[in-house]
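Chemist: Model the structure of this input:
(2 chains)
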Amino acid sequence: MANIAEQRIKREFKEVVRSDEVAACNIKVELVNDNFTELRGEIGGPPDTAYEGGKFKLEINIPETYPFNPPQVKFVTKIWHPNISSVTGAICLDILKDQWAAAMTLRTVLLSLQALLAAAEPDDPQDAVVAQQYKENNAIFQRTARHWTTAYAGGPNTDTELEEKITSMKNMGFDEHKARVALSTKDWDVTRAAEYLIS
Amino acid sequence: MNSCFQDPPSRDSGSNHSNSLPQLQSLDGYEYDFDPPVDSRYECPICLLVLREPSQTKCGHRFCRECILRTLKNISLRCPIDNEPLTEADIYPDNYAKREILNCNIKCPNKDDGCEKVFPLCELKAHLQECQYTLVPCPNKCGSILPQRDIEEHVGKYCGLRIVMCTCCGASMHAQLTQKHVMICPKVQVKCEHCHKEMNREMIKHHLQTACEHVTVLCPFYPLGCGSSMKRWRENNHLMEEGPNHLRQLCGAVTYILAQMNSHQRCVEQGDQSSDLPQRSMTGMVPESGQRPAHLSHNSGSISGLNQAGMRVMNDNNNRRVHPSQMSPEVQYPSSTGVVSLPEDMKSSMENLEAAVGPHQTPSTQNHHHPLSLPSNAVGTKMVQKTEGRSLPFLGQTPYRNLADTSSTSHLNVPVTFSVTSSIDTLAATTANLNLQSPSVQPQGRLQEERMTPASSPSQSALAVLESAQHSDADAARTIPLIFSMMEQFTATFDQKIEASNKEIAELKSTVSNLKKQNTELSQVVLDLQALVSSSLSKICCGKFYWTIQGFSVYKQRALKGEMVTLHSQPFYTSTWGYKMCLRANITSPQKRSNGSTVQQHLSLFVHVMQGDNDAILPWPFTGKIMLALLDQNKEYSLQKHVQETLEAKPNLAAFQRPLLPRNQKGFGFIEFMPVTAIEGGTYLLNDCLVVYAQVYSHAG
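Modeler: Down below sits the predicted model:
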């Protein structure tokens, strides 16, 4: 890694770790290896959203040309969000692409992601299925997102009805995660979800 | 204030990044430990360090100059803070911020090494130059890098490349070489391994050779048969104790030499009669042949006397007879110098020898003392000088003088290293002297003759005798001088012959090389002529050209395998002053068409225009008619059906433009002139040969 990238990540790392704001906002960065090219981030779900109470892990890769190019960030924790792929965790956020500026830091990236969880952009979606649900059936979306937060990010709210539907799908012989994806995609209609899975 | 603007050098913060580009670091902001920490206003948002060359954008944000320029170059022409459009022209140096930053205090970059200085950033360069903790390379270029404060001590005490002087010999050298030098320094004190005496290294060799009492040396009589060796301090004792034995050995050797001389004499005489080699130098010395038998008998008589004397010496030694009254002043000489005296029994043996040889003694010898005392040379070297004083008529004095020199360097009466040669010289002298005693004895002639031939100096002849004595090969020794002279003669003759032959060979060589040269020139002329003839032939064909293609079946097989078979004919001219052309024939490979049908194998014929001698005077492009024909070789003339095609040269074709290459790449003709099956079906092939005929009519002539 170019020296400038490593030097800057070192300095940023100190900044993120010691910042009071960081503690207050529930963001965290950890090193994965010694050469500062791979990092592990974590953001807390913003309050008063479907993601509240969840802890979302992120994979951060620093390019050699950092900070003149953005870091590559994706969600490791599964999440139901119009701008984040429910399959790969890829994020659609302008500052991680063409709107990146050298003055941005890991801290601003994590805070931006937190803001993205609070305010989705369904018109610039990463996951078209989720975005459609968000726009057309927002109540189901909110419920689904909360359920995913509980299932994958350690969220506190248990939705018994949805759990039961997954259990019934599991009893039909389907994998739990696949069942959850199918049910989420088909607005929790068990029949359509089953059809979706076997087709 | 201007000096404040000097950019202090960035300290390389660690060697672990040595592979990264150094300029990247110096372009970053200042990474010093500011004391107190610098306000965040002066931090670059890009590198997160204190601004280096602070620059302000028109939207009011500060960056390091390099950081913002790289951002504009690599990301976008926008401000990294507020995304305002930005170009290089919208960035201004912020000299206020720069001054403020340069006046901020920093801790010395060497603080971890112990420097506690705190000073404004602008003084960093000056400080680093005087900071005792700055790492600097050793001025002797020994490769060490160490803090400034340790350099002086390093250069003075530890640097491997500092110059030091050897305390013993005074030579100057690099310090790292001193250990090696001590091992070879000639002035260093070393201990003799035998006597443990200390001395300079350069002295030790001489010490061992001449002085060390504890070195083991061989008895000087070793070559004569005494097998003893002893410490040097014991040598004198040994010589005294073993005197009689030594004398016996000496006597034996002398006796043997006399016998050898006698046989040599005979050999020489025989050689004189039989050899046809010119020996003019010898003949004068050799007495008249008529006198020879008498001399020989006399000589042998004296030798038998000597042998008897030798026997008697041995008996006397056994009887331990003492003759103190017969001690001669000459014999006493060495003892008068306080060095050594001959043992009693040795003297008595000499007396006996004297008595035996006595009858042959020359009355004219000035010394009343007996010449046989000479062998004592081998014992007491002082005696050698005596011998010299006697000036022997037949032996050069040089060997004796040498011997005397050697002995005079030593305080011992015995030469310290008694070489084989010197003892042999002594023996030879003795022999000569013995022979001298009898005026009628012959050996001086022989000795002289030996000295005439350079290869056989007295010592060498004596050595030969000694060797032959050791090998008991008297015959070989006898013939050696004769062989020597014969060999020399032969060698001279051969040398002459070889020289003549060499001369002859050199002459022959030069002749051969001249001929070769001529041959090459002539070959070239032939080649030129051949080329001229063929080009002339091609010019007088007047546009009519027959081309025989041999081995058609081979080409066909190659084409069947998919190989591209292309043949070019010899060039020909359309007229003497016309265009130069050649024919090209291809045999195509059978190919499948897209519709499944197969294209047959064909003979293709083309005409190629070539660069000719007349191109400059001809009109271009070529215009005219070309007739190509494949001749029917039916033996029945009336049945011959030639296949012929005529074509008109189209002036717009590349094939007929003036050639830029020796042969125009483009040709003109027929890709499918005739199917191969048709060729093989007819009588176009004769002995696997095709004959192609071309006739070119040029409009230009």
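
Chemist: give the contact list for residue B:533.
Modeler: If you count contacts by Cβ atoms under 8 Å, 6 or more residues apart in numbering or on different chains, residue B:533 has none. C-beta: built from backbone N, CA, C; applies to glycine.

Chemist: Check which element follows the helix or strand hosting it along the chain.
Modeler: Using DSSP states H and E, residue B:533 maps to helix B:474-539. Next helix or strand after helix B:474-539 toward the C-terminus (DSSP H and E): strand B:544-549.

Chemist: quick one: that next one to helix B:474-539, angle?
Modeler: Interaxial angle, strand B:544-549 versus helix B:474-539 (axes from the mean of the first three to the mean of the last three Cα atoms, to 10 degrees): 130 degrees.

Chemist: neighbouring strands for strand B:544-549, and are they parallel or not?
Modeler: strand B:690-698 (antiparallel) (DSSP bridges).

Chemist: Residues contacting the partner strand, please?
Modeler: B:543-549, B:552, B:569, B:572, B:574-575, B:578-579, B:581, B:583, B:585, B:603, B:605, B:607, B:622-631, B:633, B:642, B:644, B:679, B:684.

Chemist: Name the spans of the chain whose pLDDT lies under the cut-off.
Modeler: This is for chain A. Low-confidence segments of chain A, defined by pLDDT under 70: A:1-2, A:16-23.

Chemist: that's the other chain; I wanted chain B
Modeler: For chain B (pLDDT under 70), the answer is B:1-27, B:271-478, B:593-594, B:596, B:701.

Chemist: Is the closest residue to chain A within the stretch 51-200 of chain B in a helix, a strand, or coil?
Modeler: With Cβ to the nearest Cβ, the shortest gap between the stretch 51-200 of chain B and chain A falls at residue B:80, namely 3.7 Å. Secondary structure state of residue B:80, per DSSP: H, G, I helix; E, B strand; the rest coil, is coil.

Chemist: and it, how many residues sit next to it?
Modeler: By the criterion of other Cβ atoms under 10 Å in any protein chain shown, residue B:80 has 25 neighbours.

Chemist: repeat for residue B:687
Modeler: 9.

Chemist: likewise residue B:537?
Modeler: Other residues lying near residue B:537 total 12 when counted by other Cβ under 10 Å.

Chemist: residue ranges of the helices in chain A, please?
Modeler: Remark: helices assigned in chain A by DSSP state H are A:3-18, A:20-25, A:106-118, A:128-136, A:138-153, A:160-171, A:176-185, A:190-198.

Chemist: Counting by contacts, list what the fourth one packs against.
Modeler: Spelled out, that is helix A:128-136. If contacts are counted by 3 or more Cβ pairs under 8 Å, 6 or more residues apart in numbering or on different chains; DSSP states H and E, helix A:128-136 sits against helix A:138-153.

Chemist: quick one: buried residues of the helix it packs on?
Modeler: Using 16 or more other Cβ atoms under 10 Å in any protein chain shown as the test for burial, helix A:138-153 gives A:141, A:143-153.

Chemist: Same check on stretch B:600-614?
Modeler: Buried-residue list, stretch B:600-614, by 16+ other Cβ under 10 Å: B:601-610, B:612, B:614.

Chemist: can you give me the end-to-end distance of that stretch?
Modeler: Distance between the boundary residues of stretch B:600-614 (Cα to Cα, to the nearest Å) amounts to 40 Å.

Chemist: Restricted to strands, list the buried residues of stretch B:600-614.
Modeler: Judged by DSSP state E, those include B:602-610 as members of strands.

Chemist: just to revisit the earlier point, could you flag which of the contacts of strand B:690-698 are buried?
Modeler: Using 16+ other Cβ under 10 Å as the burial test, these include B:543, B:545, B:547, B:549, B:552, B:569, B:572, B:574-575, B:578-579, B:581, B:583, B:585, B:603, B:605, B:607, B:622, B:624, B:626, B:628-631, B:633, B:679, B:684 as buried.

Chemist: So which of these are in helices?
Modeler: Of the positions in those, B:552, B:679 sit in helices, assigned by DSSP H.

Chemist: How about the most centrally placed residue in chain A, nearest residue that isn't a chain neighbour?
Modeler: Chain A has residue A:75 as the residue nearest its centroid, 4.5 Å off, counting by Cα atoms, centre = their mean. Spatial nearest neighbour of residue A:75, chain neighbours left out: residue A:89 (3.6 Å); criterion: Cβ to Cβ, 6 or more residues apart in numbering or on different chains.

Chemist: buried sites along stretch B:206-218?
Modeler: The neighbour-count check on stretch B:206-218 (16+ other Cβ under 10 Å) flags B:207-208, B:210-212, B:215, B:217-218 as buried.

Chemist: Pick out whichever of the buried residues of stretch B:600-614 sits closest to residue B:225.
Modeler: The nearest member of the buried residues of stretch B:600-614 to residue B:225, counting by Cβ to Cβ, is residue B:610 at 99.5 Å.

Chemist: which among the ones in strands among the buried residues of stretch B:600-614 gets closest to residue B:125?
Modeler: Checking these one by one against residue B:125 (Cβ to Cβ), the nearest turns out to be residue B:610, at 76.7 Å.
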